[in-house]
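**Q** Below are the sequence and a predicted model; questions follow.
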Amino acid sequence: MSTPSTVRGINHIGITVPDIEAAKAFLAAALGGQLIYQSFGPADPPRQGEAFERATGAAPGTVVRAQAMVKIETGPDLELFEMHGPDQAAPARASDFGITHFGVYTDDIDAAVARFVAAGGAALTAPRSIPYATEKGERNKVCYCRMPWGTTIEFITLPDRMAYRDHTALRRWQDEDRAASSGQSFSQ
């Protein structure tokens, strides 16, 4: 018999940004982000040194100038770090190993992408149909975009029933959320 998991869900996603004030302003304008708290800022002593580098895996010589937690509606929060180091890499691309993007659900993908672009982000394409059979639906769409500092974000909308439901009893949160709010069962 397996031990039950003590994990309850994704708490937050950490994003390193070049300027925390600009990042907070962008997230507010582009995604309706709300500052929950800022642990420390540019006027406070920075976080740095061997103990910090060992605990976080940061490159030697990294200096953290600020940290803030931002809420974007439902889901994990975004933890912003303004970090500067001697050997910083460019943001990950889709073909790189590791976390390459995070997705946000929207009921109106065209409006969400337009707001994101108006705030200073860049859309890699226009919203398009999802090509995967497990998520396909006439109105199901996706659009990858980049934040001003290069982090990739995926906008996704899934108003039509997805075929994955035919193969598992597990449900993605937006399916459970819609079923609960409408009193319907999306398990068929």
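**A** Cool, the structure landed.
**Q** what's the longest helix seen in the chain in contact with?
**A** In the chain, taking DSSP state H as the definition, the longest helix is helix 20-31. With contact meaning CB atoms under 8 Å, 6 or more residues apart in numbering, helix 20-31 is reached by 15, 17, 33-35, 38, 41-42, 65-68, 70, 72, 78, 80-82, 104, 115-116, 118-121, 147-149. Using the backbone N, CA and C atoms, a C-beta is placed for each residue, glycine as well.
**Q** Just the residues you listed: which are in helices?
**A** Applying DSSP H to those, the entries found in helices are 115, 116, 118.
**Q** what would those look like in TSV with distance to residue 139, pLDDT and neighbour count?
**A** Converted to TSV, the ones in helices among the contacts of helix 20-31 look like this (distance: CB to CB, whole Å; pLDDT from 0 to 100; neighbours: other CB atoms under 10 Å):
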residue	distance to residue 139	pLDDT	neighbour count
115	19	98	16
116	20	98	24
118	23	98	10
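**Q** From the residues you listed, pick the one nearest residue 90.
**A** Of all the ones in helices among the contacts of helix 20-31, residue 90 sits closest to residue 116, with 20.4 Å by CB to CB.
**Q** Against residue 123, how distant is that closest one?
**A** Distance, residue 116 to residue 123, by CB to CB, to the nearest Å: 7 Å.
**Q** okay, and the common contacts of these two?
**A** Residues touching both residue 116 and residue 123 (CB under 8 Å, 6+ apart): residue 145.
**Q** residues contacting the residue nearest to residue 86 when sequence neighbours are not counted?
**A** Leaving aside its sequence neighbours, residue 86 sits nearest to residue 61 (CB to CB, 6 or more residues apart in numbering; 4.5 Å). Contact partners of residue 61, counting by CB under 8 Å, 6+ apart, are 48, 85, 86, 87.
**Q** May I ask which of those has the most neighbours?
**A** residue 48 (18 neighbours; other CB atoms under 10 Å).
**Q** these two touch, right, that one and residue 59?
**A** No: when contacts are counted by CB atoms under 8 Å, residue 48 is not listed as touching residue 59 (11.2 Å).
**Q** Check the contacts of residue 61 for the minimum pLDDT and say which it is.
**A** The lowest pLDDT within the contacts of residue 61 belongs to residue 87, with 84.
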